[in-house]
Structure formats: structure tokens, C-alpha cells
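A.B. asks: here is a sequence with its predicted model. Questions after.
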Amino acid sequence: MRWLVFLSVLTLSCAPPEQDRGPKVYEGVGLVVHIGGDQVTLDHREIPGFMGAMTMTFLVKDASILSGVEKGMRVKFRIEVDGSAYAVSEITPVPTE
């Protein structure tokens, strides 16, 4: 039984750091300012846990996610952050009320 506890503690202590467990995902809301190739410029609100509100150009993981998205649209989006690299992985228009 002691060995089982020891092995459990050893296994947990050898787990990779959180940053090595794959990309983190953050969600945001913003306004599309510009679309060009594999990039989208968003005037976005604060993205909790990632960055404050600002206008910024982001790479997109796949340009096809920009299909149906136009300048001036309000959108919800997801950003995948892997180390120092980040890109928009999903973007969807928010219906106007």
C-alpha cells in the first residue's frame, strides 16, 4: 500500500508543467475592423485572462473560418495560445438585436 501511495505521488510530481499540456483557449467579443488573407483585425473587449481591450490584428488558424465574416460585424471569437504563439481558431458573427 505504501508503494502505491509513493508511486501516485511520484507520478503527479513528474507531470509536465501546465504550459506543456497543449494550447490554452480564450474567448472574446469584438468588432471586425479589417480582414486580409490569414489575418483579422478586431477592436475587442478585454479577453479575460489573456489581454486588455484594444484593436489588434490576429493570425487565424485557417482562413476558411473567415467565410461569412465581414468588416463591421460584431463577432465572438476564440484564441488558442500555445507558448508565445496565438491565433484565432473560431469566429462567429453575433446577431444584432
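C.D. replies: Noted; the coordinates are in hand. Residues are numbered from 1 along each chain as shown.
A.B. asks: so the residue nearest the centre of the chain is in which element?
C.D. replies: Closest to where the C-alpha atoms of the chain average out (C-alpha atoms, centre = their mean) is residue 79, at 1.6 Å. In the assignment (DSSP states H and E), residue 79 maps to strand 74-82.
A.B. asks: buried residues in whichever helix or strand comes after that strand?
C.D. replies: Downstream of strand 74-82, the next assigned helix or strand under DSSP H and E is strand 85-93. Residues of strand 85-93 classed as buried under the neighbour-count rule (16 or more other C-beta atoms under 10 Å) are 86, 87, 88, 90, 91. Where you see a C-beta, it was placed from the backbone N, CA and C, and this is true even at glycine.
A.B. asks: follow-up on the earlier one: quick one, the strand holding residue 79 and strand 85-93 angle?
C.D. replies: Counting by axes from the mean of the first three to the mean of the last three C-alpha atoms, to 10 degrees, strand 74-82 lies at 160 degrees to strand 85-93.
A.B. asks: who touches strand 74-82?
C.D. replies: Outside strand 74-82, the residues that touch it by C-beta atoms under 8 Å, 6 or more residues apart in numbering are 22-32, 42, 44, 47, 50, 58, 61, 69, 86-94, 96.
A.B. asks: so what's the gap between that strand and the chain middle?
C.D. replies: 4 Å (C-alpha atoms, centre = their mean, to the nearest Å).
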